[in-house]
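> Can you look at this prediction? I've put the sequence above it.
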Amino acid sequence: MKSNQPLNSEKVFRPANLDELDALAAQTAEGVTYVAGATDLLVQEERWKSARILVDLTAVKALHATLEVRENGVLIGAAVPLSRLIRHPLIRERLPILVETCRQIGSVQIQNRASLGGNIANASPAGDTLPVLSVLEAELRIGPRQNGEFEKLSLDQVMLGPGQTSLNGNRYIAQIFIPFPPRDAFWYFRKVGQRQALAISKVSLAVLGKKKEEKIEEIRICPGSVTPQIVRAQKTESLLRGQPLTEERIEKARAAIECEVSPITDIRSTTEYRRRITGELLREALYLWLRN
Amino acid sequence: MDESKKPKAISRRKFIKGVGTGIVGTYVVPSALSAIGKEEKKGPKEDWIPISLTVNGKKVRVKVEPRMTLAELLREELELTGTKVVCNRGECGGCTVVLDGKAVYSCHILALDADGKEVLTVEGLMQGEALHPLQEAFWEKDGLQCGFCTPGQIMAAYALLKRRPRPSVEEIKEGMSGNLCRCAAYPKIIESVQAAAEKMAGRSS
């Protein structure tokens, strides 16, 4: 065991509601480990064993049960299990790209426990929902509340790099607001892993786009697993925005995104493979859009 | 006397435990080592937290160590060893149990999180001495070779059939993709789930 501190110094809290959670956060300024489904945390033994103060979020309804459909989007509790999103009829209708990414995570057993908040807080560049939340321009609501309000941050303000977030001390992800894209928007999500179930992505790509009079009015592209921080491929996007979608333009975009990403070689894949496949995924996405 | 009507004098579990005590002398060293491992992992008992949950239809009140997983609670505290722990990191599905109607990896959940919830393990499927249709189907269709992944396979299938009583082969593959079988008995596992679905549909109508 790595930790030198005796285990009996650990504390576990299970707040029953948001007020209890915020009161607890006010008392414990540092070193809090928030736990939702624990599907990532329980695998990372060192992080898990060195956690001194655990706060189990699964009893807090505002985080675990919130699923409010509004006119312009949906507000999702950070600890809501992914399987609830997969089966929600309105989310299936308005956010098919989110449903697709959730379906490709782990397995049924993982989906029954894992949550969007956990995927963000774990801050893995291979987190499968992150590129999708990025293209959907999700808004994260961060607690504890100040004067009754959550702080609103974007994904790239929270996820800073591998395993790193701006959520220091006692801050937690409370809810995620996802605006609905237009009904006729084009969407694409593909994950490339060793096998279909229970695999961590080698490369993934999320694309959301809208055409107007044969020109690309809006395009958002976000690759996963190929950059330390989850960021949109803005150079490639600007190459496409306002332009008609042609085969020539698609080839240019493919070349551009291969230069824009900075993948590493690790246990799952190599720099060269990841770079090449990112380009191929974008090509596949844009050809699908061209032909539909 | 009909075999099935014989009174059950001793359960398989009790028998194995009894045999285990008999050979304890030869196993002193490894069991002492594992006891040390356990103590290191679990804090002092006074820090354990009381929870109450329903396990296989019975109300249970028990104290759990803060980091104890549901699988550890089931196997080590409640002695329900039908649930198997294989990878112990949420990848293989051997430890699958049904928590509030949903399949979950019990090695991957804190026992604390089961507070107030309902757990169903493979031990809870039998009605008296009668096998559950899923258990029958796995037996009849040879849905196993070594059988170690079977309790997890059966619990994953149970949750799938609850949600989708007549699944297609594709739906079975997707619904059970979180359960690995290293003997690769997959075709027979799929057949078993289909057969169980038919049995269950027949019985409920």
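Great, that's in hand.
> where does the nearest residue to residue A:51 once chain neighbours are set aside land in three-state SS?
In space, and not counting its chain neighbours, residue A:51 is closest to residue A:33: 3.8 Å by CB to CB, 6 or more residues apart in numbering or on different chains. Every C-beta, even on glycine, is put in place using the N, C-alpha and C of the backbone. Assigned with DSSP: H, G, I helix; E, B strand; the rest coil, residue A:33 falls in the strand class.
> any bit of stretch A:84-101 sitting next to chain B?
No - applying CB under 8 Å from any CB of the partner chain, one finds stretch A:84-101 separated from chain B by no less than 8.7 Å.
> burial of residue 122, as a residue count?
I went with chain A, as the question did not name one. For residue A:122, the neighbour count with other CB atoms under 10 Å in any protein chain shown is 21.
> you looked at the wrong chain, it should be chain B
Neighbour number of residue B:122 under other CB under 10 Å is 25.
> With residue B:154 instead?
25.
> got a pLDDT number for residue B:110?
On pLDDT, residue B:110 comes in at 88.
> about what we covered before: measure the residue nearest to residue A:51 to residue A:54 for me?
Residue A:33 is 5 Å from residue A:54, where distance means CB to CB, to the nearest Å.
> ok, those two, which is more surrounded?
Of the pair residue A:33 and residue A:54, residue A:54 is the one with more neighbours under other CB under 10 Å, namely 21 against 17.
> Can you verify my assumption that that one contacts residue A:31?
No - taking contacts as CB atoms under 8 Å, residue A:54 lies outside contact range of residue A:31: 10.3 Å.
> Now for chain A: which helix has the highest residue count?
helix A:271-291 (DSSP state H).
> repeat for chain B
helix B:186-204.
> follow-up on the earlier one: OK, contacts around the residue nearest to residue A:51?
Taking CB atoms under 8 Å, 6 or more residues apart in numbering or on different chains, we find residue A:33 in contact with A:41, A:47, A:51, A:52, A:53, A:54, A:55.
> Out of those, which sit inside strands?
A:53, A:54, A:55 (DSSP state E).
> The residues you listed also near chain B: which ones?
residue A:54.
> give me the number of residues near the residue in chain A that chain B sits nearest to?
Nearest to chain B in chain A, going by CB to the nearest CB, is residue A:107, at a distance of 2.4 Å. Residues lying near residue A:107 (other CB under 10 Å) number 25.
> Spatially, what comes nearest to it if we skip its sequence neighbours?
Going by CB to CB, 6+ apart, residue A:107 has residue B:178 as its nearest residue, at 2.4 Å.
> And the pLDDT at that neighbour?
pLDDT, read off for residue B:178, is 92.
> Can you give me every residue that contacts it?
Residue B:178 neighbours (CB under 8 Å, 6+ apart): A:106, A:107, A:108, A:109, A:110, A:197, A:198, B:93, B:96, B:103, B:105, B:156.
> Show me which residues of chain B are close to chain A?
B:40, B:42-44, B:47, B:49, B:66-67, B:69, B:89-91, B:93, B:96, B:99, B:102-105, B:107-110, B:112-113, B:115, B:156, B:159-160, B:174-179.
> Restricted to strands, list the residues you listed.
B:49, B:96, B:99, B:102, B:103, B:104, B:105.
> ok, back up a step: now restrict the residues of chain B next to chain A to buried residues only.
B:42-43, B:47, B:66-67, B:69, B:90-91, B:93, B:96, B:99, B:102-105, B:107-110, B:112-113, B:115, B:156, B:159-160, B:174-179 (16 or more other CB atoms under 10 Å in any protein chain shown).
> And the residue of chain B that's closest to chain A?
residue B:178 (2.4 Å).
> Next one: that residue from residue A:168, what distance?
From residue B:178 to residue A:168 the distance is 34 Å (CB to CB).
> Same check on residue A:107?
Counting by CB to CB, the gap from residue A:107 to residue A:168 is 33 Å.
> next one: residue A:157
Residue A:157 is 13 Å from residue A:168, by CB to CB.
> Show me how the record splits chain A into domains.
A:11-59, A:61-179, A:186-291 (automatic domain parsing).
> Now distance to residue B:168 and mean pLDDT too, for these, in JSON lines please.
JSON lines is the format used below for those (distance: least, CB to CB, whole Å; pLDDT from 0 to 100):
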{"stretch": "domain A:11-59", "distance to residue B:168": "27", "mean pLDDT": "81"}
{"stretch": "domain A:61-179", "distance to residue B:168": "15", "mean pLDDT": "94"}
{"stretch": "domain A:186-291", "distance to residue B:168": "17", "mean pLDDT": "91"}
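> could you list every residue that touches the closest residue in space to residue B:169 that isn't next to it in sequence?
Nearest residue to residue B:169 in three dimensions, chain neighbours excluded: residue B:190, at 6.1 Å (CB to CB, 6+ apart). By CB under 8 Å, 6+ apart, the contact list for residue B:190 reads B:169, B:172, B:173, B:176.
> Quick check: which element contains the most centrally placed residue in chain B?
With distances taken as CA atoms, centre = their mean, residue B:83 lies nearest the centre of chain B, 2.7 Å away. Under DSSP states H and E, no helix or strand contains residue B:83.
> Next one: it from residue B:153, what distance?
Residue B:83 is 12 Å from residue B:153, where distance means CB to CB.
> need the helices for chain B, in chain order.
B:12-22, B:28-41, B:70-72, B:133-140, B:150-163, B:169-175, B:186-204.
> just the strands in the stretch 101-250 of chain A please.
A:139-146, A:149-154, A:159-161, A:164-165, A:172-179, A:186-192, A:203-212, A:215-224 (DSSP state E, counting those that start in this stretch).
> between these, which one is nearest to residue B:145?
strand A:186-192 (31.2 Å; CB to CB).
> Show residues contacting that closest one.
A:96-97, A:100-101, A:104, A:128, A:131-132, A:181, A:201-211, A:224, A:277, A:281, A:284-285, A:288-289, A:292.
> repeat for stretch A:12-31
Here stretch A:12-31 has contacts from A:32, A:52-63, A:143-145, A:169-172, A:174, B:49, B:66, B:112, B:115, using CB under 8 Å, 6+ apart.
> in it, what counts as buried?
Neighbour count says stretch A:12-31 has A:12, A:13, A:14, A:15, A:18, A:21, A:22, A:24, A:25 buried, by 16+ other CB under 10 Å.
> now swap in stretch A:241-253 and tell me
So for stretch A:241-253, counting by 16+ other CB under 10 Å, buried means A:245, A:249, A:250, A:253.
> Could you do stretch B:166-185 as well?
In stretch B:166-185, counting by 16+ other CB under 10 Å, buried: B:167, B:172, B:173, B:174, B:175, B:176, B:177, B:178, B:179, B:180, B:181, B:185.
> still on that earlier bit, what's the closest of the domains of chain A to residue B:126?
Among those, if distance is taken as CB to CB, the winner is domain A:61-179, at 22.7 Å.
> quick one: low-confidence parts of chain B?
B:1-44, B:204-205 (pLDDT under 70).
> how about 80 then?
Along chain B, segments meeting pLDDT under 80 span B:1-47, B:203-205.
> Among the buried residues of stretch A:12-31, which ones are in strands?
Reading strands off these with DSSP E, I get A:12, A:13.
> want to try TSV for the buried residues of stretch A:12-31, with distance to residue B:60 as columns?
Compiled in TSV, the buried residues of stretch A:12-31 are given as follows (distance: CB to CB, whole Å):
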residue	distance to residue B:60
A:12	19
A:13	23
A:14	18
A:15	24
A:18	30
A:21	27
A:22	32
A:24	28
A:25	32
